[in-house]
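Peer 1: Return atomic coordinates for the entry below.
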Amino acid sequence: MDLISTIEILPLILPIVKEGDDVAQQILEAILEGSLLVNDGDIFVIAHTIISRAEGQEFYLPSISPSPFAELIARKTGKDPSLVELIVNEAEEILKVKNNIIITKTHHGWICANSAIDQSNAQPNCAVSLPKDSNKSAKNIGKKLTEVLDKKISVLISDTHGRALRRGAINIAVGAYNFSVIDDAIGREDIFGYKLKSTIIALADEVCSAAELIMGQANEKVPVVLIKGLNQRSLVSDIKELQFEDEKRLFQ
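Peer 2: Model prediction:
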């Protein structure tokens with residue numbers, strides 16, 4: 001097996017995405033503009049925000065009428081009641097409310113703060129939710145890129161999530177197309193010949209975190225990166241494999 005020697009992370013600059021825009025087409029135009037060479041095995045990591053906006057998942061907060069329940073949580077957290085209403089609407093279950101954080105389980109199955117509703121990189125007085133089906137979005141974009149570029153590529157859709165036991169947020173994968181989301185290392189030998197018995201790697205999350213080094217969180221204007229040189233050693237897997245079933249979660 002060839003060892004990884006170099007991984008490249010290349011930025012793609014896109015215009016501000018609007019509702020109805022074709023994100024795949026904008027990526028193709030950015031590739032052309034940047035004179036980038038795309039090869040088999042390359043990976044596109046896309047910030048969910050631009051996909052959400054293109055799919056109409058950006059919401060103007062003054063147009064949202066908060067429910068009494070949202071008003072109650074807003075008083076507890078100090079959040080805008082309209083924002084809380086959006087958080088509640090995107091939640092399958094509210095797990096905890098503490099300080100100014102609302103921990104929810106989203107309709108997608110993700111356990112995260114504020115139903116992954118984000119006001120950063122949203123238009124004024126707006127907030128952006130996750131795409132309704134990030135896997136479907138990744139597949140649609142991936143198929144168009146594969147067809148036009150005539151290359152076997154992968155697509156990951158990323159979002160920034162906090163962590164329960166460590167300070168600071170990291171980028172994780174919330175959608176995938178043609179990618180080894182989980183790298184199963186069971187049976188591989190370590191440097192001393194010991195066979196690994198339980199090690200699986202959240203490869204999709206690791207790649208998204210690497211992409212965030214270039215994407216940034218503020219005004220970098222790099223919503224897409226192209227990653228080259230990664231050796232995927234496991235079979236293509238589903239994004240749902242990154243989630244514990246409720247009964248298997250280590251922290252309840």
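Peer 1: The lengthiest helix in the chain packs against which elements?
Peer 2: Using DSSP state H to define each element, the chain has its longest helix at helix 134-149. Helices and strands touching helix 134-149, as assessed by 3 or more CB pairs under 8 Å, 6 or more residues apart in numbering; DSSP states H and E, comprise helix 23-33, strand 43-47, helix 48-54, strand 154-161, strand 170-177. (Each C-beta comes from the backbone N, C-alpha and C, glycine too.)
Peer 1: again, only this time at 7 Å
Peer 2: If you count contacts as 3 or more CB pairs under 7 Å, 6 or more residues apart in numbering; DSSP states H and E, helix 134-149 packs onto helix 23-33, strand 154-161, strand 170-177.
Peer 1: and that helix, average pLDDT?
Peer 2: Averaging pLDDT along helix 134-149 gives 96.
Peer 1: which residues touch that helix?
Peer 2: Residues outside helix 134-149 that contact it (CB atoms under 7 Å, 6 or more residues apart in numbering) are 23-24, 27-28, 38, 44, 48, 51, 55, 131, 152-157, 174-178, 239.
Peer 1: Stretch 186-197 too?
Peer 2: By CB under 7 Å, 6+ apart, stretch 186-197 touches 185, 198, 199, 200.
Peer 1: Show the model's pLDDT score for the first one.
Peer 2: According to the model's per-residue confidence, residue 185 sits at a pLDDT of 74.
Peer 1: what's the spacing between it and residue 134?
Peer 2: 25 Å (CB to CB, to the nearest Å).
Peer 1: Which one's more surrounded, those two?
Peer 2: The neighbour comparison of residue 185 against residue 134 (other CB atoms under 10 Å) goes to residue 134, with 25 against 18.
Peer 1: just so I have it, where are all the helices in the stretch 101-250 of the chain?
Peer 2: 134-149, 203-215 (DSSP state H, counting those that start in this stretch).
Peer 1: and the shortest one, what does it pack onto?
Peer 2: So that's helix 203-215. Counting by 3+ CB pairs under 7 Å, 6+ apart, helix 203-215 packs on strand 8-12, strand 43-47, strand 154-161, strand 170-177, strand 224-228.
Peer 1: on that earlier part again, can you list the helices and strands packed on helix 134-149 in CSV and add mean neighbour count and mean pLDDT?
Peer 2: Shown next, in CSV, are the helices and strands packed on helix 134-149 (neighbours: other CB atoms under 10 Å; pLDDT from 0 to 100):
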stretch, mean neighbour count, mean pLDDT
helix 23-33, 17, 96
strand 154-161, 25, 94
strand 170-177, 24, 94
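Peer 1: Need those in TSV (columns: distance to residue 60).
Peer 2: Compiled in TSV, those are given as follows (distance: least, CB to CB, whole Å):
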stretch	distance to residue 60
helix 23-33	21
strand 154-161	21
strand 170-177	23
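Peer 1: right, and those - which one's nearest residue 210?
Peer 2: The minimum distance between residue 210 and those falls on strand 170-177, with 8.3 Å, by CB to CB.
Peer 1: Alpha carbons of the closest one, as PDB, please.
Peer 2: The C-alpha trace of strand 170-177 is given here as PDB (Å, rounded to 0.1, in the frame of the first residue of the first chain):
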ATOM      1  CA  ILE A 170     -14.400  22.000  14.200                       C
ATOM      2  CA  ASN A 171     -15.700  21.300  10.700                       C
ATOM      3  CA  ILE A 172     -17.500  18.000  10.400                       C
ATOM      4  CA  ALA A 173     -19.300  16.200   7.500                       C
ATOM      5  CA  VAL A 174     -23.100  16.400   7.200                       C
ATOM      6  CA  GLY A 175     -23.400  15.000   3.700                       C
ATOM      7  CA  ALA A 176     -21.300  12.700   1.400                       C
ATOM      8  CA  TYR A 177     -21.100  11.300  -2.100                       C
END
